[in-house]
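K.L.:
Give the three-dimensional model of this entry:
(chains A, B, C and D)
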Number of protein chains: 2
Amino acid sequence: MKIYAQPDMEDVTLEAVMHALSDPCRLKIIRTLMNEEELACNQLPTNVAKATLSHHMDVLRNAGLISTRMQGAKGLSTVRAEEFVARFPGILDLVKRGD
Amino acid sequence: MKIYAQPDMEDVTLEAVMHALSDPCRLKIIRTLMNEEELACNQLPTNVAKATLSHHMDVLRNAGLISTRMQGAKGLSTVRAEEFVARFPGILDLVKRGD
DNA sequence: GATATTGTTCTAAATTTTTCGAACACTCGT
DNA sequence: ACGAGTGTTCGAAAAATTTAGAACAATATC
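P.N.:
Predicted coordinates for the structure are as follows:
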């Protein structure tokens, strides 16, 4: 069973966050997860191949934006909202607003 | 005399902002400009060639982050702090904090 | 056990970004 | 007018990102 490592929020850099959120596909993923609680990859609204999506999820994880837990064969992901907001206040509000 | 067009802040997208601030060189430029008021390109702390710097300044301008006015042969740039904060609250504070 | 589902990893191609040299235009000081 | 300084633009190389097909591992379902 795959264990997803997530960085300590302390270790996440603003640069990594900015990069993670500079891609339309990843932005869409985060926006979706902010509304829908916990979702598996195949519930996410993308048109990319699964290998590509897997990569995007990795970028988001490494930027401290999401955490993923395995439930059976599925990896359920959520936004690390509370922690993230504590470290980078403002960002998620802007993402949510989305304009 | 070169006139620098700057976008209406309304037209700036979050994605463009995120991209602009995802580069270490550009991040450093903004941080410097936040402390130093108005600076010409050659006052900025970079190790890149001038053509490269010119490109970075373009990216920052297009993301609504800076404006540039000509004074003689120099282009003096400043952060569009007030406008930018009004549209994207939180971001500049995080950039300034810089950790 | 056989088959489908879920998602990762490897490898590589396509695309985008970053970079810079050289040529150019403009301003300033002399 | 000349030379130095400032920065843009063109053209192209280098580097990083995005993308996906195929093989794979693990779980779930029948």
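
K.L.:
CA only for contacts and neighbour counts going forward, please
P.N.:
Noted.

K.L.:
Contact residues of chain A facing chain B?
P.N.:
A:13-19, A:21-24, A:88-91, A:94-95, A:98-99 (Cα under 8 Å from any Cα of the partner chain).

K.L.:
Drop anything exposed from those.
P.N.:
Among the residues of chain A next to chain B, those scoring as buried are A:13-19, A:21-23, A:88-91, A:94-95 (criterion: 16 or more other Cα atoms under 10 Å in any protein chain shown).

K.L.:
Among the residues you listed, which one lies nearest to DNA strand D?
P.N.:
A:Asp23 (5.1 Å; Cα to the nearest atom of the strand).

K.L.:
How about that closest one, nearest residue that isn't a chain neighbour?
P.N.:
B:Glu15 (6.9 Å; Cα to Cα, 6 or more residues apart in numbering or on different chains).

K.L.:
what's the helix or strand for the one you found?
P.N.:
helix B:14-20 (DSSP states H and E).

K.L.:
Contacts for that helix next, please.
P.N.:
Here helix B:14-20 makes contact (Cα atoms under 8 Å, 6 or more residues apart in numbering or on different chains) with A:18-19, A:21-24, A:94-95, A:98-99, B:26, B:59-60, B:62-65, B:88.

K.L.:
And for stretch A:25-45?
P.N.:
Counting by Cα under 8 Å, 6+ apart, A:20-21, A:46, A:53-54, A:56-57, A:60, A:65, A:74-79, A:95-96 sit against stretch A:25-45.

K.L.:
mean confidence for that stretch?
P.N.:
Across stretch A:25-45, the average pLDDT comes to 95.

K.L.:
Counting neighbours, which bits of that stretch end up buried?
P.N.:
A:25-34, A:38-41.

K.L.:
With stretch A:42-59 instead?
P.N.:
Buried, per 16+ other Cα under 10 Å, within stretch A:42-59: A:Leu53, A:His56, A:Met57, A:Asp58, A:Val59.

K.L.:
and if you look at stretch A:62-79?
P.N.:
Neighbour-count burial for stretch A:62-79 [16+ other Cα under 10 Å]: A:62-69, A:75-79.

K.L.:
ok, and which of these reach DNA strand C?
P.N.:
Filtering the buried residues of stretch A:62-79 for neighbours of DNA strand C using Cα under 7 Å from any atom of the strand leaves A:Gly75, A:Leu76.

K.L.:
Which of the buried residues of stretch A:62-79 fall within helices?
P.N.:
Among those, the members found in helices (DSSP state H) are A:Asn62.

K.L.:
what is the mean pLDDT for stretch A:67-81?
P.N.:
Computed over stretch A:67-81, the average pLDDT equals 97.
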